[in-house]
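Colleague: Quick check, what structure comes out for this input:
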Amino acid sequence: MTLKPHRLFAVTLAWLLLPLAGCRVLSPTPIPVASQQMAPALVENTDPQFEFGQPQPIIDGVGWVFGIPDKILLWDRRVNRHKISEPTISATADYLEHNNLPHIKVRANQYAPLQDWKRLTQNTTVAWPWRYTLGTLSVAGEAILPGRIVGGDHFNPFTQTIHLYSDIPAVALHEAAHAKDFTRRTYQGSYAAAYLFVPLWHETLASQDVFAYLEERQDVPAIIEANRILYPAYGTYVGGALGNFVPSYSLPIYYGMVIAGHANGRMLSEQMR
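Modeller: Residues are numbered from 1 along each chain as shown. Down below sits the predicted model:
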């Protein structure tokens, strides 16, 4: 069933009015963890948990240019910066330690498809039919369209790897929260497949967990930054989901949600100052 244009407009208008009330759509809610599923080979891996790509001025410069649309979308020049600073790494390391995620690999602006293929074969928490179908496609996609060029911070559940290209702690924590969410799942391959159809659910859980984590630490500056970044980022998923109902209006809806996210995040931040 598709929404009629007037109903879709009402939904869109309601979202756009949220900033006026400073509504906390992404309420601080920690991801509940009853148990964790980790592949023994990944836990026992002796390689460093954090690995860094060697500086390549030309390649990283091209990547910076490719990232301009996303910089504008989130209104932050650190998006797809391709140079990850110590504060971002430190924030990610603290989160992984706090949530007992020793099996997670973090690649900071690094291109390593062969190593990721090895991790894919070792990740027995994902059933082999998923690993060698969607998992193979995910690693192949990262190899053919390298993040060092096209950017795009993400967590790959098939290799249990966080790929960072933006120098924004809130973004890194969001990807780490995806890792936390997947680690508690028994059927991680099926959950990864579900992301292809309903990403908004996964994104909501991850963002809410980040806010809960930052509130627990009473890190006000980090919360303000997360409001400014994660709300418009969340708007991209809300806009994408609503746009599916009325494809002819998808772009206005998409950008409208991003703008609403910016406004809402900034309103919440102002309330904290």
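
Colleague: Output the contacting helices and strands for the strand or helix carrying Ile223.
Modeller: Assessed by DSSP states H and E, Ile223 sits inside helix 220-243. In terms of contacts (3 or more C-beta pairs under 8 Å, 6 or more residues apart in numbering; DSSP states H and E), helix 220-243 is packed against helix 5-21, helix 68-74, helix 169-183, helix 199-216, helix 250-272. Quick note: C-beta positions are derived from backbone N, CA and C, even for glycine.

Colleague: Next SSE downstream of the shortest one?
Modeller: What it means is helix 68-74. Where DSSP H and E defines the elements, the next helix or strand beyond helix 68-74 is helix 86-98.

Colleague: what comes into contact with that next one?
Modeller: Outside of helix 86-98, the residues within contact range by C-beta atoms under 8 Å, 6 or more residues apart in numbering are 49-50, 102, 104, 106, 108, 162, 164, 167-169, 172-173, 176-177, 179, 213, 222.

Colleague: got the angle between it and helix 220-243?
Modeller: 80 degrees (axes from the mean of the first three to the mean of the last three C-alpha atoms, to 10 degrees).

Colleague: What residues sit buried inside helix 86-98?
Modeller: For helix 86-98, a neighbour-count test (16 or more other C-beta atoms under 10 Å) marks 88-89, 91-92, 95-96 as buried.

Colleague: Go through the residues you listed and name the one nearest Pro232.
Modeller: Thr88 (18.6 Å; C-beta to C-beta).

Colleague: roughly how far apart are that closest one and Gln208?
Modeller: Counting by C-beta to C-beta, to the nearest Å, the gap from Thr88 to Gln208 is 21 Å.

Colleague: Same question for Pro102.
Modeller: Distance from Pro102 to Gln208, by C-beta to C-beta: 24 Å.

Colleague: Those two: which is more packed in?
Modeller: Gln208 (21 against 12; other C-beta atoms under 10 Å).

Colleague: what's near enough to touch the nearest residue in space to that one that is not next to it in sequence?
Modeller: Residue nearest to Gln208 in three dimensions, not counting chain neighbours: Thr29, with 4.1 Å by C-beta to C-beta, 6 or more residues apart in numbering. Applying C-beta under 8 Å, 6+ apart to Thr29 gives the contacts 205, 208-209, 211-212.

Colleague: in the stretch 1-150 of the chain, which segments are predicted with low confidence?
Modeller: 1-22 (pLDDT under 70).

Colleague: And the helix or strand harbouring Val62, what does it pack against?
Modeller: Using DSSP H and E, Val62 sits within helix 57-66. Packing partners of helix 57-66 (3+ C-beta pairs under 8 Å, 6+ apart): helix 147-150.

Colleague: which residues make contact with the helix it packs on from outside it?
Modeller: Helix 147-150 is contacted by residues 53, 56, 59-60, 62-63, 66, 82, 109-111, 154, 163, 165 when judged by C-beta under 8 Å, 6+ apart.

Colleague: And those, which two are furthest apart?
Modeller: Among the contacts of helix 147-150, Gln56 and His154 lie farthest apart (C-beta to C-beta), at 20.3 Å.

Colleague: Nearest residue to the middle of the chain?
Modeller: Centroid-nearest residue in the chain, with C-alpha atoms, centre = their mean: Glu175, separated by 4.1 Å.

Colleague: I figured that one hits Ile162, correct?
Modeller: Yes - here Glu175 reaches Ile162: they are 4.8 Å apart, a contact under C-beta atoms under 8 Å.

Colleague: what touches both of these two?
Modeller: 153-155.

Colleague: Can you lay out these as JSON lines showing pLDDT, distance to Trp75 and secondary structure?
Modeller: Converted to JSON lines, those look like this (pLDDT from 0 to 100; distance: C-beta to C-beta, whole Å; DSSP: H, G, I helix; E, B strand; the rest coil):
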{"residue": "Asp153", "pLDDT": "98", "distance to Trp75": "16", "secondary structure": "coil"}
{"residue": "His154", "pLDDT": "98", "distance to Trp75": "20", "secondary structure": "strand"}
{"residue": "Phe155", "pLDDT": "99", "distance to Trp75": "23", "secondary structure": "strand"}
